[in-house]
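Peer 1: What follows is a predicted structure for the sequence shown.
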Amino acid sequence: MVASKNIRYYGHDYLVPEAVPEIYGVEAELDGLGLFDEYIVPHADVEKHAGITKMYKDKIEKDGNIVYTLNQSSVFIVDGDKKELLP
């Protein structure tokens, strides 16, 4: 997930970027590594994560981004300009 350009779409109730300045005295860092423009949503085949996986995917796609959902055995390979999702 952090290999994408940012992590602003990901979070849970206990992960609140707006609270970081008050707690730590600095702004939350939401930049990713920027290795590719697409976003990754893992654990797509784990039943207990099905709801949050769909929520992240829908939220990211709503802004016009490409999302790759990965199963526990999937891998997303980037080789130069070539990108491939293997099941």
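Peer 2: Thanks, I have the structure now.
Peer 1: mind listing the strands in the protein by residue range?
Peer 2: Assigned by DSSP state E, the chain shows strands spanning 39-41, 67-69, 75-79, 82-86.
Peer 1: name the helices or strands packed onto the last one?
Peer 2: What it means is strand 82-86. Helices and strands in packing contact with strand 82-86 are listed as strand 75-79; criterion 3 or more CB pairs under 8 Å, 6 or more residues apart in numbering; DSSP states H and E. The way it works is simple: take the backbone N, C-alpha and C, and place the C-beta from them, glycine included.
Peer 1: contacting residues around the strand it packs on?
Peer 2: 35-36, 40, 68, 70, 83-86 (CB atoms under 8 Å, 6 or more residues apart in numbering).
Peer 1: Of these, which count as buried by neighbour count?
Peer 2: Using 16 or more other CB atoms under 10 Å as the burial test, these include 36, 40, 68, 70 as buried.
Peer 1: Can you tell me which of these lies closest to Gly11?
Peer 2: Distance to Gly11, by CB to CB, is smallest for Ile40 among those, at 14.8 Å.
Peer 1: Where does pLDDT dip in this protein?
Peer 2: 12-14 (pLDDT under 70).
Peer 1: counting residues per helix, which one in it is longest?
Peer 2: Of all segments of type helix in the chain, defined using DSSP state H, the longest is helix 50-62.
Peer 1: contacts for it?
Peer 2: With contacts defined as CB under 8 Å, 6+ apart, helix 50-62 is touched by 9-10, 39, 41-44, 46, 67, 69.
Peer 1: And the buried ones among those residues, selectable in PyMOL?
Peer 2: The buried residues among the contacts of helix 50-62 can be selected in PyMOL (16+ other CB under 10 Å) with this line:
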select buried, resi 9+10+39+41+42+43+44+67+69
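Peer 1: And for Asp58, the neighbour number?
Peer 2: Other residues within reach of Asp58, judged by other CB atoms under 10 Å, total 11.
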